[in-house]
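*Asks:* Fold the following.
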Amino acid sequence: MDYTFHWRPVIKALPDLMEAALTTLEAAALSMIIGIVLGLVLALLRLHGNRPLYLFATVWVEIARNTPALLQLFFFGFGLGAFGWHLSPFMIVLCGLSFNNAGYLAENFRGGFLAIPDTQIKAARSLGMSASQSYLHIIIPQVFRLIYHPLTNQLVWAVLMSSLGMLVGFRELSGETQFLASNTFRLFEFFLAAAVIYYLLVKIVLGTSYLLCRKLFRY
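*Replies:* Residues are numbered from 1 along each chain as shown. Next up, the predicted model:
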């Protein structure tokens, strides 16, 4: 193997790579926030919604969980464009990841709700709480505790899957790496550096999640 490594272009481009890494975290975090809200709604619709709403939530979950994430991303990037709705690369990635996160998180939330005994709802209602108050103050906090670690796993997935954004022109970490590597012809060096940065991002996410877990669920 006759290959000479040149790391100077990578070192020179480190500020750009770190800025792209922050963009990756931003897209992943926003998609998780949206996904949590939508996933919670979808889970409640599947548990308590009428027939049309139940079918709507079920179709969403089935599509999100049983089709490739890349296909979902292309739908928001090129599928909507066919109808005249042109989104920016950031919005394409945000919509695609949020749609996918919501589908997976809906099932996590549904499992969490089913794990809470019905007697807790009955006890809350007997104390004069409304159904919404019972869920908001009694049930949902326990559900978040039960599914906290799956939420963390989903965030890690969102960080890594944001790399698909390079296929729709999104300059996150992978997109920026491809741009810099194609300009300098140092493909191996740049993508190895990107792999290390992704590894560090995931470790930061997991470490932060662990600290929050100890803070929120100390008991």
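*Asks:* low-confidence ranges in the protein?
*Replies:* Under the criterion pLDDT under 70, the flagged ranges of the chain are 1-2, 218-219.
*Asks:* can you rerun that using 90?
*Replies:* The chain contains residues with pLDDT under 90 at 1-9, 48-49, 77-86, 116-141, 168-169, 171, 181-188, 211-219.
*Asks:* can you give me the helices in it?
*Replies:* Listed in chain order, the helices of the chain (DSSP state H) span 8-12, 14-48, 51-66, 69-74, 89-115, 118-126, 131-134, 140-146, 148-161, 173-184, 187-216.
*Asks:* So which of those is nearest Leu80?
*Replies:* Leu80 lies closest to helix 89-115 among the helices of the chain, at 8.6 Å (Cβ to Cβ). Where C-beta positions appear, they are placed from N, C-alpha and C, glycine not excepted.
*Asks:* Buried residues in the closest one, which are they?
*Replies:* 89-110, 112-113 (16 or more other Cβ atoms under 10 Å).
*Asks:* Now do it against helix 148-161, angle only.
*Replies:* 160 degrees (axes from the mean of the first three to the mean of the last three Cα atoms, to 10 degrees).
*Asks:* What is helix 89-115 packed up against?
*Replies:* Helix 89-115 is packed against helix 14-48, helix 51-66, helix 69-74, helix 140-146, helix 148-161, with contacts defined by 3 or more Cβ pairs under 8 Å, 6 or more residues apart in numbering; DSSP states H and E.
*Asks:* Dump those helices into JSON lines; add mean neighbour count as well.
*Replies:* Below are the helices and strands packed on helix 89-115 laid out as JSON lines (neighbours: other Cβ atoms under 10 Å):
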{"stretch": "helix 14-48", "mean neighbour count": "19"}
{"stretch": "helix 51-66", "mean neighbour count": "15"}
{"stretch": "helix 69-74", "mean neighbour count": "17"}
{"stretch": "helix 140-146", "mean neighbour count": "16"}
{"stretch": "helix 148-161", "mean neighbour count": "19"}
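*Asks:* got TSV for those helices, with distance to Ala124 too?
*Replies:* Output for these, formatted as TSV (distance: least, Cβ to Cβ, whole Å):
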stretch	distance to Ala124
helix 14-48	16
helix 51-66	24
helix 69-74	38
helix 140-146	12
helix 148-161	22
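*Asks:* Out of those, which is closest to Phe179?
*Replies:* Ranking the helices and strands packed on helix 89-115 by their distance to Phe179 (criterion: Cβ to Cβ) puts helix 14-48 first, at 8.8 Å.
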